[in-house]
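In: here you go, sequence then predicted model.
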Amino acid sequence: MSVDGYIDDAHPERLVLSGDEDWDRVDELRASCDAILVGANTIRSDNPRLRVRSQRRRAERVARGLPANPLRVTMTRAGGFDPDAEFFADDNHVVYERAELSTVVEDLYRRGVRRLMVEGGSSVHTGFLTSNLADEIQLAIAPIFVGDSRAPRFVNDGEFAKDRMVLGDISRVGDVTVMRFFPDADRYWLRECVSESLKCPPSETAYPVGAVIVGADGREIARGYSRETDPTAHAEEEALAKVTPGDLRLATATIYSSLEPCSTRKSRPRSCSQWILDAGIPRVVFALREPSRFVVGEGFEQLSAAGVSVVERADLAPEAGQASPLYR
Ligand SMILES: NC(=O)C1=CN([C@@H]2O[C@H](COP(=O)(O)OP(=O)(O)OC[C@H]3O[C@@H](n4cnc5c(N)ncnc54)[C@H](OP(=O)(O)O)[C@@H]3O)[C@@H](O)[C@H]2O)C=CC1
Ligand SMILES: Nc1c(N[C@@H]2O[C@H](COP(=O)(O)O)[C@@H](O)[C@H]2O)[nH]c(=O)[nH]c1=O
């Protein structure tokens, strides 16, 4: 988009905001996706090709057993397309008519789409973001002003989540600044926990768990994973052990864990729920409930009863459960 937040100008011809390097970044991104979605107006106004430009990247996709190009996807309520549009040039496309966004996403998942790139325009950006269906925003800012409020903006008016997003990396791509944002901060940090859990030394008698402590300013304080330093250590203990006791940031922090913090344990006297209460952390977010395989998990109940705000993100349980057959 432009510095003043527009993704096109108000003239019929398409405004090119990307430079060569940024087009190459976009091409790489396209090549890494299973599908690319644009709104019906973008097809009408831009007649986009929505294909991978680089021959090398197409060949690499084919070598990985994928089609040379991602599936092209659009949505429409009114219908009415030029049948000669590039979008329809081969069969590698799908049109959703009058379907809810959630239905579109579910159907694409059934078709094998795991990574969807939403390329615009304003209306579909708004739909995906206000429905909390976007994992990541890549915001590319070109060094120009459009200065015309008739032009389309990155998003239209809408009810966006009020929480602060996680800012990922910022990079310079030619003269374009690319920022990555993760709109759902809890989802972002729980995925970090899942990554941590994959580092755990294997065990047949204990789960692999990852934990991250995040301050109220959105900055990470510490992270850890089960058995990181000791065969009986839990992830929350490993993370807390890296924080100086009495660190003032803990009083407003959130502790994320891929698994519900334990309430009783066989190997050590103090449970992770007790460690969290003693540390004075007021918010806990986890993905998986503890299965009653080793002990009965009552971390949710214990922490809630003690006044901690506990959030279970069951939508991330399948991802967290991938870490071990013990979760099945
Ligand atoms: N700079 C950039 O990277 C990009 C810029 N753009 C620009 O964006 C502008 C177009 O944006 P905009 O006008 O907002 O249009 P969109 O491309 O977002 O398309 C909007 C249309 O998509 C359909 N649609 C959207 N949501 C739904 C839904 N939930 N269910 C069914 N159909 C839906 C409707 O189609 P229908 O009208 O058929 O009912 C709607 O009118 C153009 O100027 C284009 O150049 C576009 C992409 C990228
Ligand atoms: N103008 C603009 C973009 N526009 C997007 O690229 C589409 C055109 O794709 P293709 O026909 O395959 O080259 C267009 O419809 C719109 O979705 N994208 C960007 O990264 N930067 C830009 O400056």
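Out: Sure, I can see it. Ligands and ions are numbered 1, 2, ... in the order given.

In: how about the residues of the stretch 1-150 of the chain by ligand 2?
Out: Contact residues, the stretch 1-150 of the chain versus ligand 2 (Cβ under 6 Å from any ligand atom): 14, 16-18, 26, 38, 42, 46, 48-51, 119-120. Any C-beta I mention is one placed from the backbone N, CA and C, and that applies to glycine too.

In: in JSON lines, list the residues you listed along with pLDDT, distance to Arg111 and secondary structure.
Out: Shown next, in JSON lines, are those (pLDDT from 0 to 100; distance: Cβ to Cβ, whole Å; DSSP: H, G, I helix; E, B strand; the rest coil):
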{"residue": "Arg14", "pLDDT": "91", "distance to Arg111": "29", "secondary structure": "coil"}
{"residue": "Val16", "pLDDT": "94", "distance to Arg111": "31", "secondary structure": "coil"}
{"residue": "Leu17", "pLDDT": "97", "distance to Arg111": "31", "secondary structure": "coil"}
{"residue": "Ser18", "pLDDT": "97", "distance to Arg111": "29", "secondary structure": "coil"}
{"residue": "Val26", "pLDDT": "98", "distance to Arg111": "23", "secondary structure": "helix"}
{"residue": "Val38", "pLDDT": "98", "distance to Arg111": "17", "secondary structure": "strand"}
{"residue": "Thr42", "pLDDT": "97", "distance to Arg111": "21", "secondary structure": "helix"}
{"residue": "Asp46", "pLDDT": "95", "distance to Arg111": "24", "secondary structure": "helix"}
{"residue": "Pro48", "pLDDT": "96", "distance to Arg111": "21", "secondary structure": "coil"}
{"residue": "Arg49", "pLDDT": "97", "distance to Arg111": "21", "secondary structure": "coil"}
{"residue": "Leu50", "pLDDT": "98", "distance to Arg111": "16", "secondary structure": "coil"}
{"residue": "Arg51", "pLDDT": "98", "distance to Arg111": "18", "secondary structure": "coil"}
{"residue": "Glu119", "pLDDT": "97", "distance to Arg111": "18", "secondary structure": "strand"}
{"residue": "Gly120", "pLDDT": "93", "distance to Arg111": "21", "secondary structure": "strand"}
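
In: ok, and of those, which contact ligand 1?
Out: Filtered for proximity to ligand 1 (Cβ under 6 Å from any ligand atom), those shrink to Arg14, Leu17, Val38, Thr42, Asp46, Glu119, Gly120.

In: number of residues surrounding the first one?
Out: For Arg14, the number of neighbouring residues by other Cβ atoms under 10 Å comes to 13.

In: ditto for Ser123
Out: 17.

In: which secondary structure state does it sit in?
Out: helix (DSSP: H, G, I helix; E, B strand; the rest coil).

In: quick check, it in contact with Asn41.
Out: Yes. If you go by Cβ atoms under 8 Å, Ser123 and Asn41 touch, sitting 6.8 Å apart.

In: run through the residues that contact the residue of the chain most remote from its centre.
Out: Farthest-out residue of the chain from its mean C-alpha position, per Cα atoms, centre = their mean: Pro269, at 36.6 Å. Contacts for Pro269 (Cβ atoms under 8 Å, 6 or more residues apart in numbering) come out as none.

In: what residues does the stretch 101-250 of the chain put near ligand 1?
Out: Leu101, Glu119, Gly120, Gly121, Ser122, Ser123, Val124, Gly127, Pro152.

In: closest to Arg58 out of those?
Out: Glu119 (17.8 Å; Cβ to Cβ).
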